[in-house]
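A.B. asks: What follows is a protein structure lacking sequence information:
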């Protein structure tokens, strides 16, 4: 006599499939968070990206590391709800205000007056410290981002929060999206 399917077995199978999908999504997100800074550097090096980002930074106070982080998260299919995103931005903003911006100010001031070898070497050390501060900001973002889930569109929502005008925001997002496709191989298990 053939045994009728047990409802518990079906639920267990469905639960196992859902758990497997959650585990897979968690693994993809962990890989994203572990590799995001290196991929951001590649993205920043894509033609036009640095100049577009710096123009947005100078004209609209865009936090470039956060923008690139969110653009890559979008590209890899990750998201966060609005409240979680706001907390991410607050924590990134604290770090940026305390470390990145003072180092940037110092670097830009030094760039104006480099006169001798010692000053040039000092400038290079400050420049390296600024980059390290940005790397640590991204590490903090990744650590905070790892357990989150939610809707995508993070880069566009970030630009909305800083009130970047729509035509410019949309154009920047489009450029980042296209460039992210070029570097997507840097993110393990990238969703296409």
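C.D. replies: Happy to help now that I have it. Quick caveat: nothing in here was measured; it's all calculated off a predicted structure. Numbers count the residues shown, from 1 in each chain.

A.B. asks: Distance from stretch 74-92 to the middle of the chain?
C.D. replies: 9 Å (C-alpha atoms, centre = their mean, to the nearest Å).

A.B. asks: what distance separates the start and the end of it?
C.D. replies: Counting by C-alpha to C-alpha, to the nearest Å, you get 18 Å between the two ends of stretch 74-92.

A.B. asks: And the average pLDDT for that stretch is what?
C.D. replies: Summarised as a single mean, pLDDT over stretch 74-92 is 93.

A.B. asks: next one: stretch 51-70
C.D. replies: On average, stretch 51-70 scores 94.

A.B. asks: Could you shift the numbering so residue one becomes 17, and keep it that way?
C.D. replies: That works, and once the first residue is 17, the last one we named lands at stretch 67-86.

A.B. asks: how about it: buried residues?
C.D. replies: 68-69, 72, 78-86 (16 or more other C-beta atoms under 10 Å). C-betas here are computed from N, CA, C, even on glycine.

A.B. asks: Is it possible to get TSV of the residues you listed that adds secondary structure?
C.D. replies: Listed next are these as TSV, based on DSSP: H, G, I helix; E, B strand; the rest coil:
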residue	secondary structure
68	helix
69	helix
72	helix
78	coil
79	coil
80	helix
81	helix
82	helix
83	helix
84	helix
85	helix
86	helix
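
A.B. asks: Quick check: the two most widely separated of these?
C.D. replies: 68 and 85 (16.0 Å; C-beta to C-beta).

A.B. asks: In contact with residue 69: list those residues for me.
C.D. replies: Counting by C-beta atoms under 8 Å, 6 or more residues apart in numbering, residue 69 touches 60, 78, 80, 83-84.

A.B. asks: Next, residue 63: secondary structure please.
C.D. replies: Strictly by three-state DSSP, residue 63 counts as coil.

A.B. asks: From residue 40, how far off is it?
C.D. replies: Distance of residue 63 to residue 40, given as C-beta to C-beta, to the nearest Å: 33 Å.

A.B. asks: Low-confidence stretches in the chain?
C.D. replies: For the chain, applying pLDDT under 70 flags the ranges 17-38, 130, 201-208.

A.B. asks: now the closest residue in space to residue 86 that isn't next to it in sequence: how far from residue 137?
C.D. replies: Distances taken as C-beta to C-beta, 6 or more residues apart in numbering place residue 170 nearest to residue 86, at 3.7 Å, with adjacent residues excluded. For residue 170, the distance to residue 137 equals 39 Å [C-beta to C-beta].

A.B. asks: could the buried residues of stretch 67-86 go into a markdown table alongside distance to residue 98?
C.D. replies: Below are the buried residues of stretch 67-86 laid out as a markdown table (distance: C-beta to C-beta, whole Å):
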| residue | distance to residue 98 |
| --- | --- |
| 68 | 26 |
| 69 | 24 |
| 72 | 22 |
| 78 | 19 |
| 79 | 17 |
| 80 | 22 |
| 81 | 20 |
| 82 | 15 |
| 83 | 17 |
| 84 | 20 |
| 85 | 17 |
| 86 | 13 |
